[in-house]
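Asker: Show me the folded form of this:
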Amino acid sequence: MTRKFNWEKKGLIFCAKYESEWSKTHSALPTPVLLSPERLRIFYATRDIEQKSRISYIDVDPVDPARVLYVHDKPVLDIGELGAFDDRGLTSSFVLGSGGEFHFYYNGYNIGSPARYRIAIGKAVSLDRCNTFRKAHQGPVMDRSIADPCGCATPFIIFEKGIFRMWYTSFYKWEWIKGEAEPFYRISYAESRDGLSWDPKAVCIDASGDEGGIVRPTVVKSDRYYMWYSVRKKTGYRDQFNATYRIGFAVSDDGLAWERRDSESGVAPSADGWDSEMTAYPFVLKMNEKLLMFYNGNGFGKSGFGYAESPI
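Answerer: Just a heads-up that it's a prediction; the model follows:
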């Protein structure tokens, strides 16, 4: 028996004012971490005028995430040094830890040619409850490989039976489409003993038909494994309503073999407003007797991020 989730949209939480030199557009990839019963921190990625991404955060009330308690006024993670895997920018993905030490897994970018960019997964560490971070290594913890020939990104991690289990986005090819180099990506799975060295194991959810990208998995484990992600078409996804990102859904008994049930995802575009054209980049967090889904709306995060609730 597959559990049913009844999502109720609660609205927009935050859209940066874009008044800073380092923040001119986008509030993308909301990444929550519960710091206390009174404070939920949500990291997000924002871009400067050159489209270089940096990470900052807001704090909200866990009981009422629409109530913003604090807006940080500077990046908490900045772009890497020249030649590093994140010298064009970085975006938020997942924070693992509690108590005195938190590990922030993020996406680092380089400019590419003729493929427009390359992407890899980095890690930063905080010893002061996510107030400041230092990059753990100058290089990535996961990069292009035999399993992921064109890159990897957006990890989601569960520690289970002594193993770190990661679901992530695997970039597997680029194609020329209407004169534009376009990336193709899917959801894959990897394991680690230490959270640093990762062994890719399987492709979990592959693109099919006219799909071009499946990205940003988020997994909840209860009676089964439940995954939400965003999926787009291979063309027209920037500006055509029926091709842009939608939130998909899948179920699994072991976290490896997944059954797609996208029609049951429960969060579709609204009739109007900030998420009327697109729903993208979900992150689902279990909170007491309910689930919270944080997600982006129109323009890949230009319109900010909001949330929906479902009973467990």
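
Asker: from the chain's centre, how far out does the lowest-mean-pLDDT helix or strand in the chain sit?
Answerer: Lowest mean confidence among the helices and strands of the chain (mean pLDDT, DSSP states H and E): strand 89-98, at a mean of 94. Once both centres are worked out by CA atoms, centre = their mean, to the nearest Å, strand 89-98 turns out to sit 9 Å from its chain's centre.

Asker: which other residues reach it?
Answerer: For strand 89-98, the surrounding residues in contact (CB atoms under 8 Å, 6 or more residues apart in numbering) are 28-31, 33, 43-45, 47, 51-55, 77-80, 102-109, 121-122, 126, 130, 153-157, 159, 195, 216. C-beta coordinates here come from the backbone N, C-alpha and C atoms, glycine included.

Asker: hey, C-alpha coordinates of the helix or strand that that strand is followed by in PDB?
Answerer: Using DSSP states H and E, the helix or strand that follows strand 89-98 towards the C-terminus is strand 101-111. What follows is strand 101-111, C-alpha atoms only, in PDB (Å, rounded to 0.1, in the frame of the first residue of the first chain):
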ATOM      1  CA  GLU A 101      29.000  20.000  13.200                       C
ATOM      2  CA  PHE A 102      27.100  20.400  10.000                       C
ATOM      3  CA  HIS A 103      28.200  19.400   6.500                       C
ATOM      4  CA  PHE A 104      26.900  21.500   3.600                       C
ATOM      5  CA  TYR A 105      26.900  19.600   0.200                       C
ATOM      6  CA  TYR A 106      26.700  22.200  -2.600                       C
ATOM      7  CA  ASN A 107      26.800  22.400  -6.400                       C
ATOM      8  CA  GLY A 108      29.900  24.100  -8.000                       C
ATOM      9  CA  TYR A 109      30.000  25.500 -11.500                       C
ATOM     10  CA  ASN A 110      32.500  26.200 -14.200                       C
ATOM     11  CA  ILE A 111      31.900  27.800 -17.600                       C
END
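
Asker: picking up where we left off before, Throw together a ChimeraX command that grabs the buried residues out of the contacts of strand 89-98.
Answerer: Command for ChimeraX, covering only those of the contacts of strand 89-98 found buried under the criterion 16 or more other CB atoms under 10 Å:
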select :28,29,30,31,33,43,44,45,47,52,53,54,55,77,79,80,102,103,104,105,106,107,108,109,121,122,126,130,153,154,155,156,157,195,216
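
Asker: How about the contacts made by Ala153?
Answerer: Neighbours of Ala153 in contact, by CB under 8 Å, 6+ apart: Ser93, Asn107, Ile119, Ala120, Ile121, Tyr168, Thr169, Phe171, Tyr185, Val215.

Asker: Tyr295 bridge partners, please.
Answerer: Residues in a beta bridge with Tyr295, per DSSP bridges, are Gly306.

Asker: same check, this time on Lys233
Answerer: Beta bridges link Lys233 to Glu211 when assigned by DSSP bridges.

Asker: now the angle between strand 89-98 and the strand ranked longest in the chain, please.
Answerer: Longest strand of the chain, by residue count under DSSP state E: strand 163-177. Here strand 163-177 runs at an angle of 160 degrees relative to strand 89-98 (axes from the mean of the first three to the mean of the last three CA atoms, to 10 degrees).

Asker: now the angle from strand 163-177 to strand 101-111?
Answerer: Using the same axes, to 10 degrees: strand 163-177 against strand 101-111 is 10 degrees.

Asker: contacting residues for the nearest residue in space to Glu182 that is not next to it in sequence?
Answerer: Distances taken as CB to CB, 6 or more residues apart in numbering place Glu175 nearest to Glu182, at 5.6 Å, with adjacent residues excluded. Neighbouring residues of Glu175 by CB under 8 Å, 6+ apart: Ala181, Glu182, Phe184, Lys234.

Asker: and those, which are buried?
Answerer: Applying 16+ other CB under 10 Å to these, the neighbour count classes Glu182, Phe184, Lys234 as buried.

Asker: Which one of those residues is nearest to Lys17?
Answerer: Glu182 (31.9 Å; CB to CB).

Asker: Just the helices from the chain, written as ranges.
Answerer: Ranges of helices in the chain, per DSSP state H, are 298-301.

Asker: Please work out which residues outside stretch 128-147 touch it.
Answerer: Residues contacting stretch 128-147 (CB under 8 Å, 6+ apart): 33, 35, 41, 57, 76-77, 80-81, 84-86, 95, 100, 102-105, 108, 118, 120-126, 148, 150-152, 155, 168, 170, 188, 190, 196-198, 200.

Asker: cutoff 7 Å now
Answerer: For stretch 128-147, the surrounding residues in contact (CB atoms under 7 Å, 6 or more residues apart in numbering) are 33, 35, 41, 76-77, 84-85, 95, 102, 104, 108, 120-126, 150-152, 170, 188, 196, 198, 200.

Asker: tally of neighbours for the nearest residue to Tyr229 once chain neighbours are set aside?
Answerer: Among residues not flanking Tyr229 along the chain, Pro217 sits closest, at 4.7 Å (CB to CB, 6+ apart). By other CB atoms under 10 Å, the residues close to Pro217 number 28.
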